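Colleague: build me a model from this:
(one chain, ligands or ions: 4)
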Amino acid sequence: MQTHDIRRRFLDHFIRAGHTEVPSASLVLDDPNLLFVNAGMVQFVPYFLGQRTPPWDRATSVQKVVRTLDIENVGITTRHNTFFQMAGNFSFGDYFKRDAITYAWELLTGSVADGGYGLDPERLWTTAYLDDDEAITLWQEVAGVPSGRIQRRGMADNYWSMGIPGPCGPCSEIYYDRGPEFGRDGGPEADEDRYVEIWNLVFMQNERGAGRGKDDFEILRPLPRRNIDTGMGVERIAMVLQGVDNVYETDLVRPVIVEAERLTGRRYGSDHGADIQFRVIADHARTAAMLISDGVNPGNDGRGYVLRRLLRRIVRSATLLGATQPTMDRFMTVVRDEMAESYPVLRTDFERIENVAVGEETAFRRTLDSGSKLFAVARDSVVAAGGSRISGDDAFALHDTYGFPIDLTLEMAGEAGLAVDEAGFRELMSQQRRRAKEDAQARKQSHADLSVYREFLDGVPTEFTGYTELNTDARV
Ligand code: ATP
Ligand code: MG
Ligand code: MG
Ligand code: MG
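Modeller: Numbers count the residues shown, from 1 in each chain. Ligands and ions are numbered 1, 2, ... in the order given. Below you'll find the predicted structure:
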């Protein structure tokens, strides 16, 4: 079953059950605490909190989502994209646990002929929050899940909050068992790569206060009404239904891998290290195109920095695979051709998207060329001296002279089995910043303090706070 069909079936299923289809919000909302929209519920927060009255009691959407903290997972786990589509159904004070479970189960296990996904119920596992006996009973009663395939999990996994004051509540998740060839027995508690999480049902019923972490916060009050918020990973269901090993090989993502094979002359599936680079390209190309289409431009802070980092990782992965010529325009073209059916802006605004991506590629290829030579000199001298660490001085020189971001130095050092004296690097950076500030103060008497802009130029990513634990993925 193709991704477009999966999306449509989800929406139709919930429309039949009285939900109104709501379009995806932009990936970028006007909220300084939120880097990117990273869950379907984000656009509905004021409704859950009772601050605004929703125009409908039931809604369904397929939300564009970007999770930056999953960047490191890309290509390494089988199930993490940086951009993915979260299909969801929402009840604003209307139905609650019983119907949420019923609807989800019907869609997952309903026959393909009747609009369902046709999954084998024997392969599905579910979870519930520790003391949520009601959910456990409902999974047994409504869905017929035997108690041996229901697991209780604690705050960190099964009590959902945004990481900042806001709506929260216990949740129940649905996992698909891909079989023993994918990992250990024992359910999701034992192995989340074999038992893949496909859907999370949140019983949004409380408001949380401030707190220290994912599983350490105060619950302030019950929300005015009890709500449902669910999120199903479209790429994850696609992986299961298409019988492929990972989310990068699903129908809309794989074509970028094929294009990268063509451009580099390498074959996917023959070398573990190379495969990771192929998957990084396929994942990041899509994320970059979607971010640019929502107005993000490469930059040295915040959102722009994330985009820059994604584009640069594409360039570097392509280079590592042996590309000697620019490749970005081809990757953007393939993303457009696959994704425009759901996101027509990729076609109507293609010229701009392509220009932004190719502009960054051109600049970074120059940086890579010259910086890689200096990096190789530094690496070789460390290795020759029997050391294990690139010095802070070298990392600083790479940054200062060649515009090498520290994360690239860290990544390249890691590939060579070396560490980097990061503390030394940061110390040199702050010395430089102090000097610049003193200079500026000496020079100006009556001008505004520009040190804040210097941070941007120094390439120090602005730290976003808030929403930090919305799936722990909001922070750069
Ligand atoms: P995981 O534990 O696998 O990282 P999660 O618990 O962080 O997933 P949720 O926050 O519950 O995920 O998001 C709802 C659904 O979105 C998940 O059940 C999953 O199907 C999907 N999903 C989450 N993260 C990703 C991702 N990085 N790429 C693709 N799909 C994802
Ligand atoms: Mg999870
Ligand atoms: Mg989850
Ligand atoms: Mg996660």
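
Colleague: right, and residue 191 touches residue 179 too?
Modeller: No. At 11.3 Å, residue 191 does not count as touching residue 179 under the criterion of CB atoms under 8 Å. (Each C-beta comes from the backbone N, C-alpha and C, glycine too.)

Colleague: and those two? Which one has more around it.
Modeller: Legend: neighbour count by other CB atoms under 10 Å for residue 191 and residue 179, higher for residue 191 (17 against 10).

Colleague: tell me who's in contact with the more buried one.
Modeller: By CB atoms under 8 Å, 6 or more residues apart in numbering, the residues touching residue 191 are 182-184.

Colleague: next, the buried residues of stretch 239-254.
Modeller: For stretch 239-254, burial by neighbour count (16 or more other CB atoms under 10 Å) applies to 239-241, 244, 246-254.

Colleague: right, I mislabeled it, should have said stretch 219-236
Modeller: Quick answer for stretch 219-236 (16+ other CB under 10 Å): 223, 225-236.

Colleague: how far off centre is it?
Modeller: Once both centres are worked out by CA atoms, centre = their mean, to the nearest Å, stretch 219-236 turns out to sit 19 Å from its chain's centre.

Colleague: try stretch 258-272
Modeller: With CA atoms, centre = their mean, you get 24 Å for stretch 258-272.

Colleague: show the average pLDDT along it.
Modeller: For stretch 258-272, mean pLDDT is 96.

Colleague: same question, stretch 415-429
Modeller: Stretch 415-429 carries an average pLDDT of 94.

Colleague: end to end, how far does that stretch reach?
Modeller: 24 Å (CA to CA, to the nearest Å).

Colleague: which residues touch that stretch?
Modeller: 379, 382-383, 387-393, 395-396, 399, 406, 409-410, 413, 458, 460.

Colleague: in it, what's buried?
Modeller: Neighbour-count burial for stretch 415-429 flags 418, 420-422, 424-425, 428-429 (criterion: 16+ other CB under 10 Å).

Colleague: tell me the two of those that are most distant?
Modeller: 418 and 429 (19.9 Å; CB to CB).

Colleague: mind listing the helices for the stretch 301-450 of the chain?
Modeller: 302-320, 328-339, 345-348, 350-384, 392-402, 406-415, 422-443 (DSSP state H, counting those that start in this stretch).

Colleague: right, and these - which one's nearest ligand 1?
Modeller: Nearest of these to ligand 1, taken as CB to the nearest ligand atom: helix 302-320 at 13.8 Å.

Colleague: contact partners for whatever residue of the stretch 101-250 of the chain ends up closest to ligand 1?
Modeller: Residue nearest to ligand 1 within the stretch 101-250 of the chain: residue 233 (2.4 Å; CB to the nearest ligand atom). By CB under 8 Å, 6+ apart, residue 233 lies in contact with 79, 84-86, 197-199.

Colleague: what do you get for residue 253?
Modeller: 81, 235, 247, 282-283, 286, 338.

Colleague: buried subset of those as a PyMOL selection?
Modeller: The buried subset of those, as determined by 16+ other CB under 10 Å, is captured in PyMOL by this line:
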select buried, resi 81+235+247+282+283+286+338
